[in-house]
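# Predicted model and sequence below, questions to follow.
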Amino acid sequence: MPKTAACVVGALLVAAASTVTQPALGQSEPQAQGQQLYEQNCAVCHMPDGTGNPPTFPALAGDANLQDLALIVENISRGKNNMPPFPNLTTEQIAALATYIRNSWGNAFGEVTTEDVAAYMVGPEATVDQASIWDGVFTAEQAARGEEAYDACTKCHGRRLNGAADDPDMKSTPPLARAAFLRDWDGRTLATLFEFNRTTMPQNNPGSLSDQEYVDLIAYMLSVSEAPAGDTELPPDPAALGRIVIENRAGP
């Protein structure tokens with residue numbers, strides 16, 4: 001990955017990871033909750049200020065499509081194109097998130113209620129079982145395959161997945177494992193990480209790996225972060241990955 005491209009990716013990740021919730025004066029309770037949900041789940045791709053990273057991640061600021069609540073609910077609950085699904089969000093949370101993005105960055109499309117969201121949900125709302133990366137969600141064999149695939153990433157992110165911090169000749173890039181990585185991605189799902197990686201990496205040729213290789217890379221990243229291996233592989237399925245949460249803790 002060229003140094004300039006690595007800097008672009010680094011800036012995206014750092015900007016999203018460093019977001020601190022500062023509720024604006026006059027925000028309603030749903031807007032404040034929606035802001036927290038946005039920063040937790042969406043800012044890594046659409047950026048804290050809603051400007052996105054077009055064309056991969058479209059801007060939400062000034063997006064007339066946000067008038068269409070059915071489209072918002074469908075995209076959040078099921079995912080679409082480069083957007084992962086968020087099956088763990090309740091109708092109340094989707095309503096809060098929709099309220100925030102529809103009324104931020106110059107948008108003014110009105111508040112959304114839980115009842116509004118429920119009207120566009122397909123089927124009854126169900127409780128989604130969530131898992132943590134500490135629950136043994138990948139296998140040792142899968143992580144080993146991911147280590148082989150990681151050869152394509154070492155030039156920018158370093159042999160130790162530390163963002164090439166030990167190479168004085170390289171620009172610093174985001175770490176892909178251990179404490180710093182877990183801190184930056186804490187609370188986000190593996191679906192978000194999967195979609196981000198396969199749509200932006202390698203920066204000079206995004207999407208050049210197979211979906212299986214991208215999910216194997218995630219298994220390797222988790223293994224290096226000392227998450228335990230289990231008996232079942234991570235699937236290259238955003239819906240399934242959306243049920244697995246990255247948690248920042250030292251061990252299982």
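That came through, no problem. These numbers come from a predicted model, not from an experiment.
# how about stretch 63-78: buried residues?
Buried residues in stretch 63-78, counted by 16 or more other C-beta atoms under 10 Å: 63, 66, 69, 72, 73, 74, 75, 76, 77, 78. Quick note: C-beta positions are derived from backbone N, CA and C, even for glycine.
# for those residues, which one is nearest residue 186?
Nearest to residue 186 among the buried residues of stretch 63-78, counting by C-beta to C-beta, is residue 76 at 20.4 Å.
# mind checking how far residue 236 is from residue 86?
To residue 86, residue 236 is 18 Å away according to C-beta to C-beta, to the nearest Å.
# Just want to know which of these two has more residues nearby.
Set residue 236 next to residue 86 and count neighbours by other C-beta atoms under 10 Å: residue 86 wins out with 24 against 17.
# State the distance from that one to residue 62.
23 Å.
# returning to that earlier point: could the buried residues of stretch 63-78 be laid out in TSV, adding distance to residue 157, pLDDT and secondary structure?
TSV is the format used below for the buried residues of stretch 63-78 (distance: C-beta to C-beta, whole Å; pLDDT from 0 to 100; DSSP: H, G, I helix; E, B strand; the rest coil):
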residue	distance to residue 157	pLDDT	secondary structure
63	32	97	coil
66	35	97	helix
69	39	96	helix
72	34	96	helix
73	36	95	helix
74	34	93	helix
75	30	94	helix
76	30	94	helix
77	33	91	helix
78	31	89	helix
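# Within the helices and strands, which one has the residue nearest to the spatial centre of the chain?
Nearest to the mean C-alpha position of the chain, by C-alpha atoms, centre = their mean, lies residue 192 at 2.7 Å. Using DSSP states H and E, residue 192 sits in helix 190-200.
# and that helix, what does it pack onto?
Packing partners of helix 190-200 (3 or more C-beta pairs under 8 Å, 6 or more residues apart in numbering; DSSP states H and E): helix 43-46, helix 211-224, helix 238-241, strand 244-245.
# One more pass at 6 Å, please.
In this structure, helix 190-200 packs against helix 238-241, with contacts taken as 3 or more C-beta pairs under 6 Å, 6 or more residues apart in numbering; DSSP states H and E.
# low-confidence ranges in the stretch 51-200 of the chain?
Counting by pLDDT under 70, the stretch 51-200 of the chain contains low-confidence ranges at 122-128, 164-171.
# 90 instead, please
78, 81-82, 87-88, 121-129, 152, 154-156, 158-159, 162-174 (pLDDT under 90).
# about what we covered before: so which of the buried residues of stretch 63-78 comes closest to residue 184?
Closest approach to residue 184 among the buried residues of stretch 63-78 (C-beta to C-beta): residue 76, at 22.3 Å.
# check contacts around that closest one.
86, 94 (C-beta atoms under 6 Å, 6 or more residues apart in numbering).
# Make sure residue 147 is actually in contact with residue 219.
No: using C-beta atoms under 6 Å as the test, residue 147 is too far from residue 219 to be in contact (9.1 Å).
# So between these two, which is more surrounded?
Higher neighbour count among residue 147 and residue 219: residue 219, with 26 against 17, using other C-beta under 10 Å.
# For the spatially closest residue to that one that is not a sequence neighbour, grab the count of nearby residues.
Of all residues not flanking residue 219 in the chain, residue 138 sits nearest, at 3.7 Å (C-beta to C-beta, 6 or more residues apart in numbering). A total of 27 residues lie near residue 138 under the criterion other C-beta under 10 Å.
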